[in-house]
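In: just coords:
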């Protein structure tokens, strides 16, 4: 009987570790974690489209999601392209200056890691303009505690499933939903 409870406890602990980003494994390359045999899964848009109370915010959020997806996929060129689209579309909207400047940082960078650093500020700026303006659907504020040398980093998503833009395929599913934003 004692052996069965020890086995049960061991199984429970193993499952708990699996949930805590265990699909990653330490490598000898600077202590970064890499996923073993993990394939990148292409982001599919959510079935329920998020709508906003202010005109232009839908396009802003859609372009933001394109930037996030490009970073998840490790595509610096696409991230730059979509950040430019985001900056252009948002430049005409009142109160979006910080968002536009944050997007331009990503446009100007060709280095993926520098783009990811800029994305953290872009995420905060997008959250600032959409929060309180969601009329239907949900936006998920997600968090990875290991981003930026364990400082942690936030991003927004149109789906609850984690797709980490700060690590991409290295730790694709590492993170958690911190907050759900939706219509009041």
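Out: Received the coordinates, thanks. Here the structure is a predicted model, which means the values were calculated and not measured.
In: hey, where'd the helices end up in this structure?
Out: Along the chain, counting by DSSP state H, helices occupy 2-19, 57-72, 76-91, 97-108, 112-130, 147-150.
In: quick one, what contacts the closest residue to residue 178 other than its chain neighbours?
Out: Nearest residue to residue 178, sequence neighbours excluded (CB to CB, 6 or more residues apart in numbering): residue 143, at 4.5 Å. No exception for glycine: its C-beta is placed from N, CA and C like everyone else's. Counting by CB atoms under 8 Å, 6 or more residues apart in numbering, residue 143 touches 152, 153, 154, 175, 176, 177, 178.
In: measure residue 143 to residue 106 for me?
Out: Going from residue 143 to residue 106 by CB to CB, to the nearest Å gives 20 Å.
In: try residue 79
Out: For residue 79 relative to residue 106 (CB to CB), the value is 6 Å.
In: list the residues that contact both of the two?
Out: Between them, residue 79 and residue 106 have 67, 115, 119 as joint contacts when contacts are counted by CB under 8 Å, 6+ apart.
In: from residue 58, how far off is residue 77?
Out: Residue 77 is 25 Å from residue 58, where distance means CB to CB.
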